[in-house]
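# Please work out how this folds:
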Amino acid sequence: QLQLVESGGGLVQAGGSLRLSCAASGRTVTGYTWGWFRQAPGKEREFVAAISWSGATTSYADFVKGRFTISRDNAKNTVYLQMNSLKPEDTGVYYCAASTITLIVPVRREKFEYWGQGTQVTVSS
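Predicted coordinates for the structure are as follows:
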C-alpha cells in the first residue's frame with residue numbers, strides 16, 4: 001500500500017513562494033503518475049498539476065501555468081510543487097495524489113487512487 005504525506009504548507013503573503021513536498025512510503029514512486037490537487041472552502045477539489053512517472057511530461061491547470069512547477073525526485077521518493085507569485089485565490093488545502101495510469105498524464109481526480117491527508121496553504125492579501 002502506498003502512503004503519501006504532504007508538508008510545506010503555511011501562511012504566506014501575496015507574491016510570496018512556498019514549496020510543497022509529498023513523501024511516499026510503502027512503494028517506490030517510479031511506477032506512478034503524480035498529481036497535486038487543491039480544495040478551497042466550499043469548493044470542489046480541483047486539479048493543479050501532474051507529472052509522469054519518468055518526469056518527462058507535466059500538465060498544469062491554466063490558473064497556475066507560469067507560477068507553479070511540479071517535479072519529482074525518485075531517489076528520495078518525493079514529489080514537489082514549487083509555488084511562486086502566490087495569490088489569495090490560491091488559498092486552500094493542497095493534496096498529493098498518485099495514479100497507476102502511466103500511459104498518459106491524467107488530470108481528473110477520480111483517476112488517482114492514492115491520496116495524502118493534505119496541507120493547508122493560506123495566502124494573505
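
# So, low pLDDT: which residues of this structure?
Counting by pLDDT under 70, the ranges of the chain that qualify are 29.

# now the strands for the protein?
3-7, 10-13, 18-25, 33-39, 46-51, 58-60, 68-73, 78-83, 92-99, 114-115, 119-124 (DSSP state E).

# Sheet partners, orientation included, of the third one?
Neighbouring strands of strand 18-25 in its sheet, by DSSP bridges, are strand 3-7 (antiparallel), strand 78-83 (antiparallel).

# need the strands of the chain in JSON lines with distance to Pro106, can you?
(C-beta placed from N, C-alpha, C; glycine too.) Shown next, in JSON lines, are the strands of the chain (distance: least, C-beta to C-beta, whole Å):
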{"stretch": "strand 3-7", "distance to Pro106": "16"}
{"stretch": "strand 10-13", "distance to Pro106": "28"}
{"stretch": "strand 18-25", "distance to Pro106": "16"}
{"stretch": "strand 33-39", "distance to Pro106": "6"}
{"stretch": "strand 46-51", "distance to Pro106": "7"}
{"stretch": "strand 58-60", "distance to Pro106": "9"}
{"stretch": "strand 68-73", "distance to Pro106": "14"}
{"stretch": "strand 78-83", "distance to Pro106": "15"}
{"stretch": "strand 92-99", "distance to Pro106": "5"}
{"stretch": "strand 114-115", "distance to Pro106": "13"}
{"stretch": "strand 119-124", "distance to Pro106": "22"}
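
# what's the span of stretch 112-121 from first residue to last?
End-to-end span of stretch 112-121 (C-alpha to C-alpha, to the nearest Å): 21 Å.

# Check which residues of it are buried.
Phe112, Tyr114, Trp115, Gly116, Gly118, Thr119, Val121 (16 or more other C-beta atoms under 10 Å).
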